[in-house]
Every structure is written in C-alpha cells, then in structure tokens.
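> the sequence and its predicted three-dimensional model are supplied below.
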Amino acid sequence: MEFRKMGSSPVYKLEEDGHDYESGYASGSSSNAELPEIYFTKPHLAFLNRQFQNLEPQEILQWCLTSLPGLYQETAFGFTGLTSLDMLSKMKTPRPQTVDLLFFDTLHHFPETHDLINRIRDRYPLVNIHIYKPAGADSEEEFARQHGERLWETNDELYDWLAKVEPAQRAYKELKVGAVLTGRRRSQGGQRGDIPVIEIDEAGLVKVNPFANWSFKQVNEYIKANDVPYNELLDRGYKSVGDWHSTKPVEEGEDERAGRWQGQQKTECGIHNPRSKFAQFLKEQEMKKQSAALHQALESEEEAKITS
C-alpha cells in the first residue's frame, strides 16, 4: 500500500510492499537533486504512536514543528484547537509566527464563532488564518440559492462535500499542505474513540492528533489557567461547536459530541472521513445527473414524435 501526495507539496508514503524503507528523507544521488520523498513504514508509524502515548501534547507539537514540512493546523476554534494554538504560540521556534491555521467557513457557523476569530487575531497577532468557503458562495443566502434550502436535511452528503470536504481539498492543494494538526481526542467518542496520535490518510496527508490522550477536563483547565479566548457558547452548555443547524447543548453526563447531528447516524462532518467515500459519492451523483439528463432527452424525443 502506498500513500502519495502529488504535485509540489511535501510527499508522504506509507510503504507496505515488502521494501525495507526507512522513515525520513531518502538519500539523493546529487546535492542538486529534487527534494526526495518522505517515507513512513507501517512499523515506524506504530513505533511513533507507542512513543507518543507517553508524551505530553507540547512534546508532540515540538516534534511536528521539526519533522513535518508543510504543517498547518485545522481548527473550528474549539477548546482543543485553541489549546494547541496557545501552546504553539509559546514555543521557542526559529519561525517568526506559529503554525498557520486552516478554518473551513461553511457559511453556517454561529455568530459567536466569527466573533471568536476576531478575538483570536487580537490575542495572537502573528498567527495567519486561512479561511476557505464553499466554492462560489460568500453567504448563507448565496449558498441556499445555488444548492437549495436546508441542503443538510435533503442531502447531507452533498452538504458535507460542498461546505467542508471540497474547501479542505482546495486548501491542501493551493497551500501545498503536507501535514495537519487536528483537535480530535479519544474522549470525544464516536469514530474518535480509538484514533492514533499520528495517521496518514488515503491521499498521503499526515494527520496528527496531539491531544488524543487528553480529556475535556484537561483542555478546559488549560484554557482557564492560561486565559485563552474561547467560544461563548461553551458557557451555555455546548461542548462541541459546529454549524448552527447541527449543534445543540449537551446534557449533564452526555458524550462531548452528543450535541452534534442529533438524530442522525453520523459523528463526523466529512473532513476526517475516508476520501474514497466522497469519491464514490461524487461518482453516484454524476451517474444520477447523467441518468436524469438521458431521461429528459428521451421524454423530449417522445413528445416531439407525438406533436409531429
């Protein structure tokens, strides 16, 4: 099995074909050779995850800064992402600013979330925030005109693709993203219950979950102890904040993400789902489109025969 990120972006490969590749930079035959690919063997990933189990998030973040080119942080400005941002801002690094942030604005976020972004810019003036929106839309109203009202109810897979997955893939390509930091934790439950600290997706993107071992209590305590700005909704019973239409406060004792997509059989928005799932979805959508066009053409041909 081989994971490859194409183009001029950093390339990561997970080799399982029997070759004994070392993780790290492959040797080049010339000092002027093109930047070599980076290899991660399956045993080395397992080794890293065993080591990371015993490290604090700050230590994992430091490893990321020195080991992963093309590193960005994906965030919706939840407690964990804000904790990561604050930790990175306090690290002594040769770069003049912290890791750039990626925020995927679905156009359906709470006003409180956008207010928080402004406060983050004030608190961390050196951080760059790259905001990606659905293609061709700059507002919730524009999105509805293009794709119909309440698309998340009529076709949630299409909504995920348009509002989150496609903007993410566009960002990876345009910014030459090779690795991302996420705020996922095992204590959040659902599909996150057994995530490793470091993983590689189907396209070769390295995903690091520095806080995989932390609980909500730990990130909450860090936020309060370090006076980190946070979303006001978290003081109103919310523990995980996403789109306004799919986020509710949670009850005492409920899972942290119980307020997301209530009544639906899903725990992820799509960004962290396998990309092949959405490739298959797009294929099915295209087949439906072609089928509808063929049906319409046949109906028009039949009507022409009747009227002639």
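Nice, I can see it.
> distance check, the closest residue in space to residue 128 that isn't next to it in sequence against residue 132.
Of all residues not flanking residue 128 in the chain, residue 100 sits nearest, at 4.4 Å (Cβ to Cβ, 6 or more residues apart in numbering). Any C-beta I mention is one placed from the backbone N, CA and C, and that applies to glycine too. Distance of residue 100 to residue 132, given as Cβ to Cβ, to the nearest Å: 12 Å.
> buried residues in the strand or helix carrying residue 51?
Using DSSP states H and E, residue 51 maps to helix 42-52. Buried residues in helix 42-52, counting neighbours by 16 or more other Cβ atoms under 10 Å, are found at 44, 45, 48, 52.
> with adjacent residues omitted, what lies nearest to the last one?
Meaning residue 52. residue 197 (3.9 Å).
> joint contacts of residue 100 and residue 132?
Here residue 100 and residue 132 have no joint contacts, going by Cβ atoms under 8 Å, 6 or more residues apart in numbering.
> quick one, strands of the stretch 51-200 of the chain?
Under the criterion DSSP state E, counting those that start in this stretch, the stretch 51-200 of the chain contains strands at 71-74, 101-104, 129-132, 179-181, 198-200.
> by contact count, what packs against the third one?
Judged by 3 or more Cβ pairs under 8 Å, 6 or more residues apart in numbering; DSSP states H and E, the packing partners of strand 129-132 are strand 101-104, helix 111-123, helix 166-175.
> same thing but 7 Å
strand 101-104, helix 166-175 (3 or more Cβ pairs under 7 Å, 6 or more residues apart in numbering; DSSP states H and E).
> give me the residues contacting the last one.
Right, helix 166-175. 72, 102, 104, 130, 132, 133, 134, 135, 177, 205, 271 (Cβ atoms under 7 Å, 6 or more residues apart in numbering).
> the fourth one pairs with what?
Taking DSSP bridges, one obtains residue 102 as the residues bridged to residue 130.
> how about low-confidence regions in this protein?
For the chain, applying pLDDT under 70 flags the ranges 1-38, 94-97, 189-193, 251-295, 297, 308.
> now do the helices in it.
Counting by DSSP state H, the chain has helices at residues 42-52, 57-67, 79-89, 111-123, 140-147, 151-154, 156-160, 166-175, 216-225, 275-307.
> buried stuff in the fourth one?
With burial defined by 16+ other Cβ under 10 Å, the residues of helix 111-123 counted as buried are 112, 113, 116, 117, 120.
> got CSV for the residues you listed, with distance to residue 246 too?
Output for those, formatted as CSV (distance: Cβ to Cβ, whole Å):
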residue, distance to residue 246
112, 15
113, 13
116, 18
117, 20
120, 23
